[in-house]
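S.K.: Need coordinates for the following:
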Amino acid sequence: MDILGTTISPIGMGCWPIGGPFFDGDTPLGYSGADDAQSIRTIHAALDAGIQLFDTAAAYGTGHAERLLARALKDRPDALIVTKIGLAIDEEARQLKGPDTDPTNVPAAIDACLRRLDRDRIDILLLHAGEMAVEHALPILDRMEEARQTGKIRTYGWSTDLPDRAEAALRPGVNATQFAMNVVHDAPRMQAIAEANNLIALIRSPLAMGILTGKFDATTQMAADDVRATTRASRDFFENGRVNPAHLASLDAVRDLLQTGGRTLAQGALCWLLARSDRAVPIPGARTPDQIEETAAALQHGPLPPDTMAEIDRVLGR
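M.R.: From the prediction side, this is the model:
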């Protein structure tokens, strides 16, 4: 896959899980169990396995994930970095303060990302506030365009699951979008927008926050300091710290199909995305080398076969 003139493997690494603890008041927003030394090893394992794209955000650990990437990628200028702004953060208190709708704050936010990443330029910059009103978002995107023209970013877009927001962001300098999609949560309208406009489709939650790895069941209770134990768990993948039973049922229904050709469940879920679109770049999160090595091995299998894809749709009633 060609991104910004660089040929890369069509799977990236999501860096939310390595950001460590951060909060909205007392509500945890990070993944539990992050360890900085292990996170660095995981990034290096990703590079060794051929992964060249890393997705982070100013919000992840309120800057901590960006700093870890800077350390791990110090001698790898060829690696592509996606980061996000638009959510106000308090770095010292590790607090997320909500959407920042003031476009005059954009240049400083970009400069802060560049300092934390220890880079002269950001490859892809995304607006992180996915539900921000269009009238507030457009001036922010205007400032991103100014940063593109001055060379601080290469391209930009909006991380949103709302088709009207993604369409509102379309303009000549926008070459990317980001949205959640996986085998138990399809997003055909967002995919259609990406394909119709030749956008890089960065796929969030490709493993449904870990559900599609198969390591959780109905008895699993997430740790209290994990975002998946809160009401903030994205897309209702979890309820009160437990896997949404509907997603477990869907996974059980397609379990064997995802493991076609000797794939693991996680690999099958990623290969489903690769089969859905040749513009899709799944960015599963990882905290350990074993996780990212399993992720990268999905590329050896390639997209799921068309007949398997059709049977998955039939089983899931799509």
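
S.K.: low-scoring stretches of the protein, by residue?
M.R.: 232-235 (pLDDT under 70).

S.K.: Output the helix or strand harbouring L251 in PDB with nothing but the alpha carbons.
M.R.: Following DSSP states H and E, one finds L251 within helix 245-258. Output of helix 245-258 as PDB, limited to C-alpha atoms (Å, rounded to 0.1, in the frame of the first residue of the first chain):
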ATOM      1  CA  PRO A 245     -23.100 -10.400  25.000                       C
ATOM      2  CA  ALA A 246     -24.300  -9.500  21.500                       C
ATOM      3  CA  HIS A 247     -20.700  -9.200  20.300                       C
ATOM      4  CA  LEU A 248     -19.800 -12.500  22.000                       C
ATOM      5  CA  ALA A 249     -22.700 -14.200  20.200                       C
ATOM      6  CA  SER A 250     -21.600 -12.700  16.800                       C
ATOM      7  CA  LEU A 251     -18.000 -13.800  17.400                       C
ATOM      8  CA  ASP A 252     -19.200 -17.300  18.200                       C
ATOM      9  CA  ALA A 253     -21.200 -17.400  15.000                       C
ATOM     10  CA  VAL A 254     -18.300 -16.600  12.800                       C
ATOM     11  CA  ARG A 255     -15.400 -18.100  14.900                       C
ATOM     12  CA  ASP A 256     -14.600 -21.000  12.500                       C
ATOM     13  CA  LEU A 257     -14.900 -18.800   9.500                       C
ATOM     14  CA  LEU A 258     -12.400 -16.300  10.800                       C
END
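
S.K.: by contact count, what packs against it?
M.R.: helix 265-276, helix 306-315 (3 or more C-beta pairs under 8 Å, 6 or more residues apart in numbering; DSSP states H and E). Every C-beta, even on glycine, is put in place using the N, C-alpha and C of the backbone.

S.K.: Give the next helix or strand downstream of the longest one.
M.R.: Scanning forward in sequence from helix 265-276, with DSSP H and E defining helices and strands, the next element found is strand 280-282.

S.K.: Strand partners (parallel or antiparallel) of that next one?
M.R.: Take DSSP bridges as the rule and strand 280-282 pairs in its sheet with strand 200-204 (parallel).

S.K.: List the buried residues in the strand it pairs with.
M.R.: 200-204 (16 or more other C-beta atoms under 10 Å).

S.K.: of those, closest to P188?
M.R.: A201 (12.0 Å; C-beta to C-beta).
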